[in-house]
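[1] after the sequence you'll find the predicted model.
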Amino acid sequence: MSKKFTQLTPDTSPAAADLVATAKSPFGAGSSRKVTLANLLKQIFLADATQLNITTITDGEFLKRSGTNITSGTPSAGGTTTYAMLPWMGDCTGSAGIGVANQVNAVRFTLDLGITVNSISFRVAGGSGGTHAAVGVYNSAGTTLLVDSGPQSSASNVVKTAAIASVVLSAGTTYLYAWTADSAIPVMSGITAGVAAQELINGGTANIFSAANASVAGQLPATLGALSTLSATSGQIFAAKVQN
């Protein structure tokens, strides 16, 4: 016995392969068709009748339009940038020595904008022949060296730039910026952060550290090891720039 559409049994959990009846070109010649729920629901029609097709979306991604396709994207806390100053933007008129040869110091930072890093730079402000320095970025635990300048000669007062394989630093993610030198003599341009500022940065939760693992001939270690709060002293933060 035929039933009215409204008399059919409700399907509260339809499957992707279930069928829905459609009328093809209802205002023209017209014909009855069928479509699976999977094919029906991957189409989106805008107010101007533009048809968009949804592609595969993985967990944690969001939808974005690309032409007539709906594709996946990764959320960003604030877009991207072409360069960033480490550990933060500030007055670079100061200068800093490492204090102890082969010591590795680090400061915690978070980027407001994401960046694909292809190079990292720092400036030698007081060179010394035969010495080397390096800067880099580790993950927040200090267990992975993500960006590494490698040993750079600190013999003369110049900007040192090291090209690296592309690394993405994401907005809203916490990292550790680290610096070192194989001698206490060379001086690098530094972010101006006096004792009072450093004490404030370390207040509550510490953010400036010395690492247990030392550098060798200006090469940062693969991991930082245990981190100890670095006592505030004048001029101890090297400045660096990452850029794409």
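    Ah, there it is. Numbers count the residues shown, from 1 in each chain.

[2] please count neighbours and contacts with C-alpha atoms only from this point.
    OK.

[3] how is this protein carved up into domains?
    Following automatic domain parsing, one finds the domains of the chain at 19-73, 83-243.

[4] pick out the residue nearest the middle of this protein.
    Among the residues of the chain, the one closest to the centroid is S170, at 1.6 Å (C-alpha atoms, centre = their mean).

[5] to T6, which of the domains of the chain lies closest?
    domain 19-73 (14.2 Å; C-alpha to C-alpha).

[6] which residues in this structure form helices?
    Ranges of helices in the chain, per DSSP state H, are 37-41, 195-202.

[7] need the least confident one among these, by mean pLDDT.
    Per-segment mean pLDDT for the helices of the chain reaches its minimum on helix 195-202, at a mean of 69.

[8] okay, buried residues for stretch 200-213 please.
    I201, N202, A206, N207, I208, F209, S210, A211, A212, N213 (16 or more other C-alpha atoms under 10 Å).

[9] typo on my end, stretch 10-24
    Under 16+ other C-alpha under 10 Å, the buried positions of stretch 10-24 are L19.

[10] before we move on, what about stretch 170-181?
    So, applying 16+ other C-alpha under 10 Å, buried residues of stretch 170-181: S170, A171, T174, Y175, L176, Y177, A178, W179, T180, A181.

[11] any chance of the buried residues of stretch 200-213 in CSV, with distance to L145 too?
    Below are the buried residues of stretch 200-213 laid out as CSV (distance: C-alpha to C-alpha, whole Å):
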residue, distance to L145
I201, 23
N202, 23
A206, 21
N207, 18
I208, 17
F209, 16
S210, 16
A211, 13
A212, 15
N213, 13
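
[12] wait, which of those is closest to P14?
    N207 (53.2 Å).

[13] who touches the closest one in this structure?
    Going by C-alpha atoms under 8 Å, 6 or more residues apart in numbering, N207 touches V107, R108, I201, T229.

[14] tell me the least confident of the residues you listed?
    I201 (71).

[15] before we move on, back to that, now, the contacts of N207 that are in strands?
    Counting by DSSP state E, those place V107, R108, T229 in strands.

[16] contacts only, for the second one.
    Taking C-alpha under 8 Å, 6+ apart, we find R108 in contact with P87, S140, T174, Y175, L176, Y177, N207, I208.

[17] wait, the last one sits on W179?
    So that's I208. No: using C-alpha atoms under 8 Å, I208 is not in contact with W179; the gap is 11.6 Å.

[18] now list whatever residues contact both of the two.
    N105, A106.

[19] picking up where we left off before, between which two of the buried residues of stretch 170-181 is the distance greatest?
    It's A171 and A181 that sit farthest apart of those, by C-alpha to C-alpha, at 28.6 Å.

[20] re the thing from before, am I right that the residue nearest to the centre of the chain is in contact with I115?
    Yes: judged on C-alpha under 8 Å, S170 makes contact with I115 at a distance of 6.5 Å.

[21] quick revisit: of all the contacts of N207, which comes closest to A217?
    For those, the nearest to A217 is V107 (21.3 Å; C-alpha to C-alpha).
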